[in-house]
Structures are given as C-alpha cells and as structure tokens.
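> What follows is a predicted structure for the sequence shown.
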There are 2 protein chains.
Amino acid sequence: MNLENTQVQMRKGILEYCILHIISRGEVYASDMIEELTVAHMIVVEGTLYPLLTRLKNAGLVEYKWVESKSGPPRKYYKLTEIGAHFLKGLSETWDELVQSTDQITQKSKANV
Amino acid sequence: MNLENTQVQMRKGILEYCILHIISRGEVYASDMIEELTVAHMIVVEGTLYPLLTRLKNAGLVEYKWVESKSGPPRKYYKLTEIGAHFLKGLSETWDELVQSTDQITQKSKANV
DNA sequence: GAATAGTACTTGGCCATACATAGTACTTTA
DNA sequence: TAAAGTACTATGTATGGCCAAGTACTATTC
C-alpha cells in the first residue's frame, strides 16, 4: 500500500468521466485526448485509454469514424451518442455528489478552497 | 457498463481517503465509520470496510486497541499512526489535484459551483 | 523498391479493490 | 441453554488501470 498505487485507484472511474467530457466537446482521436489529459496533469497511457474507448464504444456511449491522416495510419475520431450524452449527465451528478460527500468528510467547503 | 458500476469505480481509492480522514478526527470503530459515511451519502458495507481496515493496519497506517462493549463483543478502536498521518497528507494533495484536473477538463471552476 | 522510423491502434496478462455472501466469536436476554 | 444481536473474518467474483509486446499503415531514406 503506497501512495502511487492509491493515486491509481483514485483515478478509476474518474478517467471515464473525463474522457466522455473531452469527447463531448468535439470530435477527437486518441492522441488528442492524451494530450488534453496531460495538460490537465492527469497522466494516461495508451494501454489505459484504448481499452477504455473500446468499452465505451461497445456500450454504445460513443461512436467513431475513420479519418485518413497525412502523417500515418488513419485515425478513429470519436463523438458521443445520445446514450453517451445521457450517461455523461448522470455521471456528472455522481461526480458532484462524490466531491461534496468527500468535502463533507474532510471538512472542507467548496466555497473557500 | 452501467451508471451504478461507474459510481462504484469512482469511489475506489476515495474511500480509503475518507476512512483515514474519519480516523484522524478521533478514535472510532467500524460501525461509527459506516454511520458517518452513510450520513455523507457515501454508502459502504461491512464487506468493503473491514478488509480495508485490515489493509490499513497491515500497512502500518492505523493501529487499534480492543475496547469492551456493554452491548456485544469487544470493538476495535482505530487511530492513525504517524505514518498514517503522513500518508493522509499526501493523499489530500493527490485528491485536491485530481479534483482540480477534473474541474479543468469538465470546465468547472471550484469558485462558482 | 527495400529498409527504417514514426504514428495509431490492439491484445494478453498482472494486480488491487469494491462488493456479495457466508461464517465465526462474543455478549446479553429469556 | 437457546436465541438474538453485535462485531469482526474469510472467500470468491468482477472491474479496470497499467505494462509490455505486437500489428498495421504511411512517409522517408538510401
């Protein structure tokens, strides 16, 4: 039980939420997502992202289309489905509640952080 | 992939953080913790909490003493060790950063939620 | 045009954790 | 002594992040 591992555990589920949000803002492919997550200091590697995207696809939350690239193989550009948009809404509420519950326990208030 | 399962995934790791916080505020035993978590709308069941406490104990983050009860078997009253207090501090920073990163991606600011 | 490098996506295995469920142990009460 | 309640323990399942290796396509270089 080390700090690094706990950080990994904390990311679970949250990553899915973040990915859906990124996709909801416009069509993107995997490398775009990794870059955006990295900018936000949420490190993600390919081996995490690609399986996640496949799960989202299989669950019908996202869909993609192949787009040819000038510099390499074609890319999968993702966008949300209606189901995905609905799911994301529910997830947002869950996240907000979770943050609120955690703040309550850790005795922080969102107002003065 | 349903909402309920994702909620479970979101809780992973965060629960450990909350438990350490609760213990840091004074000596408590398992039922106290479950009650406090329930009040904060973070549902936890015995099968989750007890193994977690055992992990924390084995990692040296918490210690306990047996206290006899007037109504039932003796209870384990937990408190943080020095290592645990230090660990909790690191976890707090991780959590704050994670919330911040997520807010950035979801385009919320903590100031006006 | 064959070899090399770069980009994008895929797959299999490992580990940690939440949860359900069943079980153990102790105390009080009838 | 049996029954009920409380506290803790143990086992098995499923999920998901991560590592590492691999596949496939394109462009570049000789």
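That came through fine.
> only C-alpha atoms for contact and neighbour calcs from this point on.
OK.
> and the longest helix that chain A contains with helix B:82-105, angle?
As assigned by DSSP state H, the longest helix anywhere in chain A is helix A:82-105. Helix A:82-105 runs at 140 degrees relative to helix B:82-105, counting by axes from the mean of the first three to the mean of the last three CA atoms, to 10 degrees.
> What residues sit buried inside helix A:82-105?
Buried residues in helix A:82-105, counting neighbours by 16 or more other CA atoms under 10 Å in any protein chain shown, are found at A:84-85, A:87-88, A:91, A:94-95, A:98-102, A:104-105.
> Please apply the same query to stretch A:32-52.
For stretch A:32-52, a neighbour-count test (16+ other CA under 10 Å) marks A:Met33, A:Ile34, A:Leu37, A:Ala40, A:Met42, A:Leu49 as buried.
> Over to the fifth one: give its phi and psi.
Think A:Met42. phi -110, psi 90 (degrees, to the nearest 10).
> sorry, back to before: need the worst-confidence member of the buried residues of stretch A:32-52.
Minimum pLDDT across the buried residues of stretch A:32-52 is recorded for A:Met42, with 87.
> That residue contacts B:Val99, correct?
No - A:Met42 is beyond contact range of B:Val99, at 10.4 Å (criterion: CA atoms under 8 Å).
> coming back round to it: redo the buried residues of helix A:82-105 as a markdown table? Include pLDDT and distance to DNA strand D.
Shown next, in a markdown table, are the buried residues of helix A:82-105 (pLDDT from 0 to 100; distance: CA to the nearest atom of the strand, whole Å):
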| residue | pLDDT | distance to DNA strand D |
| --- | --- | --- |
| A:Gly84 | 93 | 14 |
| A:Ala85 | 94 | 17 |
| A:Phe87 | 93 | 13 |
| A:Leu88 | 93 | 14 |
| A:Leu91 | 91 | 12 |
| A:Thr94 | 89 | 15 |
| A:Trp95 | 92 | 14 |
| A:Leu98 | 91 | 16 |
| A:Val99 | 92 | 17 |
| A:Gln100 | 91 | 21 |
| A:Ser101 | 91 | 21 |
| A:Thr102 | 92 | 20 |
| A:Gln104 | 91 | 23 |
| A:Ile105 | 91 | 20 |
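> near chain B too, which of these?
A:Phe87, A:Leu91, A:Thr94, A:Trp95, A:Leu98, A:Val99, A:Ser101, A:Thr102, A:Gln104, A:Ile105 (CA under 8 Å from any CA of the partner chain).
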